[in-house]
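> Next comes the sequence, and after it the predicted model I'd like to discuss.
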Amino acid sequence: MTNENTITFEEAMTKLEQIVEKLEEGDVPLEEAILFYKDGMELSKLCHDKLKNVEEQLTQIITEDGRTESFSIEEE
């Protein structure tokens, strides 16, 4: 798995999409599917953590600017 500090959010999303496509095909051997699933879960967590970090940075910037006290990114 790629180190969180060396992969961008966009790269992680692309890899995650590729894993989902492979798993949706349904012709992946079980052992390989398990590895894909594990990698996908790690990429999903990495993306979530990066989004959370950006949200915290935006909250800090907006709070320091004095315009508002909270900011939330809506999840779909």
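Yes, it's here.
> Okay, now the unreliable bits of this protein?
Filtered on pLDDT under 70, the chain yields the residue ranges 1-5, 65-76.
> what about 50?
For the chain, residues meeting the criterion pLDDT under 50 lie at 76.
> Would you tell me which helix is longest in the chain?
The longest helix of the chain (DSSP state H) is helix 30-65.
> and it, what does it pack onto?
Applying 3 or more CB pairs under 8 Å, 6 or more residues apart in numbering; DSSP states H and E, we find helix 30-65 packed against helix 9-25. Where C-beta positions appear, they are placed from N, C-alpha and C, glycine not excepted.
> Tell me what angle the helix it packs on forms with helix 30-65.
Comparing the axes of helix 9-25 and helix 30-65 via axes from the mean of the first three to the mean of the last three CA atoms, to 10 degrees yields an angle of 150 degrees.
> Name the surrounding residues that touch helix 9-25.
Under the contact criterion CB atoms under 8 Å, 6 or more residues apart in numbering, helix 9-25 has outside partners 2, 7, 28, 33, 36-37, 39-40, 43-44, 46-47, 50-51.
> Show me what counts as buried in that helix.
Ala12, Lys15, Leu16, Ile19 (16 or more other CB atoms under 10 Å).
> How about stretch 31-47?
Applying 16+ other CB under 10 Å to stretch 31-47 flags Phe36, Asp39, Gly40, Glu42, Leu43, Leu46, Cys47 as buried.
> And the fifth one, how far from Thr14?
Here the distance between Leu43 and Thr14 works out to 10 Å (CB to CB, to the nearest Å).
> again with the last one
The spacing between Cys47 and Thr14, counted by CB to CB, is 11 Å.
> Against Ile61, how distant is the nearest residue to Leu43 once chain neighbours are set aside?
Leaving aside its sequence neighbours, Leu43 sits nearest to Leu16 (CB to CB, 6 or more residues apart in numbering; 4.4 Å). Using CB to CB, Leu16 is found at 28 Å from Ile61.
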